[in-house]
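J.: what's the 3D shape of this:
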Amino acid sequence: MVIELEKQWIWDSWYAHDGTCWHGYFLKADKALGDSDLRHLNVSQGHAISSDLVNWTHLGTCFAPSEGPAFDDKTTWTGSVLQGPDGTWHLFYTGTCKAENALYQRIGHATSKDMHNWTRVGDQPCLDLVGPVASAYETEHMVGHWHDRAMRDPWVMKDPDGHGWLMYFTARAPDIAEANAAGAIGFATSPDLYNWTLQPPVFVGGFGQLEVPQVFNVGERWYCLFCTSAEHWSEEQKATAGTPPVTGNHYLIADNPRGPWTVAPGFLDGGLPCRRYAARILKTDEGLVILGFDDNGRETFIGKVRDPEPVSVDEQGYLHVAGESQQGGNHG
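T.: Sure, this is the predicted structure:
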């Protein structure tokens, strides 16, 4: 009933609704690799469809790294899919290259008419950490300080306050002594989905990385869902969260999608070992649901997307995974 493949691991996923059914996109790699850690550098993107987010029909591979020398010839990692005003579907994704040993991440762009067959827009990334505000980001791989040059997991949405588009992504801020205090939510804007302008991060701190951001609203409140690991909590976050460090999914909260954003108290959906990672919260006819991949830790990695579970919003605007009492699943 879950998104699962017999011969491949599945991890990060993202979703789009075409007016009739859900399209689920996900990272996948062959279990024949033996070691689940090797999946990250042997990746392609899969595609499945569902009417209820529970029963899925797999449509096979829909996207993969470029064949020739390119910014995305090593990996094509997590992204987002949305429809433009002319009906064209857009995939924004993370690309890395062989020449840099997949250590530098950039944002790529592809389009489709059928949501399955994707054509790259040009041969360059649509966004990189360059230009007038690049100094607000950690633009180089800080060897010994962090494991990569972070610019990944783009989440693109319509600007609710204008005619353009907003992009959020996982990044890091520079010149912060504590590695786990430098995680950032990067930001960019576009008038047309094709031409992007890098902006300063909308949030910095709390964690070494805030992975797989997803921005959405419920009423007047805005939420930025993200995932992170227990070992990447900052010292300040450990002291103020009101719950021990766990691995899983938490969120920022704001009154406007441009911020200012603050870390919600507690931790939404976490555990040790991690129960669910790289989660998404989707709006369905029955209300909000959360779904993400079944992790269970490195030694016993599972690699399938769990069935959706209900999410509620309390009177203070905080999110709760229904029926959850796992460690860290509270708001202090």
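J.: residue 56 and residue 49 touch, don't they?
T.: Yes - with contact defined as Cβ atoms under 8 Å, residue 56 and residue 49 form a contacting pair (7.0 Å). Glycine gets a C-beta too; all of them are placed from N, C-alpha and C.
J.: joint contacts of these two?
T.: Jointly contacting residue 56 and residue 49 under the rule Cβ atoms under 8 Å, 6 or more residues apart in numbering are residue 24.
J.: show me the contacts for the closest residue to residue 123 other than its chain neighbours.
T.: Of all residues beyond its chain neighbours, the one nearest residue 123 is residue 70 (6.2 Å), with distances taken as Cβ to Cβ, 6 or more residues apart in numbering. Under the criterion of Cβ under 8 Å, 6+ apart, the neighbours of residue 70 are 95, 97, 123.
J.: before we move on, what about residue 73?
T.: Under the criterion of Cβ under 8 Å, 6+ apart, the contact list for residue 73 reads 65, 66, 67, 97, 98.
J.: tell me the secondary structure at it.
T.: Using DSSP: H, G, I helix; E, B strand; the rest coil, the secondary structure recorded for residue 73 is coil.
J.: which one is it nearest to, not counting chain neighbours?
T.: With sequence-adjacent residues excluded and distances taken as Cβ to Cβ, 6+ apart, residue 73 is closest to residue 66, at 4.4 Å.
J.: surely that neighbour and residue 93 touch.
T.: No - using Cβ under 8 Å, residue 66 and residue 93 do not qualify as a contacting pair, with a distance of 11.5 Å.
J.: need the overlap of contacts for those two.
T.: With contacts defined as Cβ under 8 Å, 6+ apart, the residues adjacent to both residue 66 and residue 93 are residue 72.
J.: which of those two has more residues huddled nearby?
T.: More neighbours sit around residue 93 than around the other of residue 66 and residue 93, counting by other Cβ atoms under 10 Å; the figures are 29 against 17.
J.: in the sheet, who's paired with that one?
T.: residue 79, residue 108 (DSSP bridges).
J.: number of residues surrounding residue 103?
T.: Residue 103 is surrounded by 13 other residues when neighbours are defined as other Cβ under 10 Å.
J.: got it, and residue 219?
T.: Should you count by other Cβ under 10 Å, residue 219 turns out to have 7 residues around it.
J.: for residue 313, see how far away it is.
T.: Residue 219 sits at a distance of 8 Å from residue 313 (criterion: Cβ to Cβ, to the nearest Å).
J.: repeat that for residue 80.
T.: 22 Å.
J.: what about residue 146, neighbour count?
T.: Residue 146 has 17 neighbours, counted by other Cβ under 10 Å.
J.: meant to ask about residue 152, not that
T.: By other Cβ under 10 Å, the residues close to residue 152 number 26.
J.: what's in contact with stretch 213-224?
T.: Identification of contacts with stretch 213-224 by Cβ under 8 Å, 6+ apart yields 80, 153, 155, 157, 160, 166, 168-170, 185, 203, 210, 225-226, 251-257, 261, 280-281, 283, 288, 313, 317, 319.
J.: ok, residue 258 - contacts?
T.: 161, 166, 187, 202.
J.: could you report the neighbour count for the first one?
T.: The reference is to residue 161. Here the neighbour count serves as a burial measure; for residue 161 (other Cβ under 10 Å) it reads 10.
J.: show me the contacts for it.
T.: Under the criterion of Cβ under 8 Å, 6+ apart, the neighbours of residue 161 are 256, 257, 258.
J.: repeat for residue 275
T.: Counting by Cβ under 8 Å, 6+ apart, residue 275 makes contact with 248, 269, 294, 295, 296, 326.
J.: these two touch, right, the second one and residue 243?
T.: Looking back up the chat, that one is residue 269. No - no contact is recorded between residue 269 and residue 243 when judged using Cβ under 8 Å, the distance being 11.8 Å.
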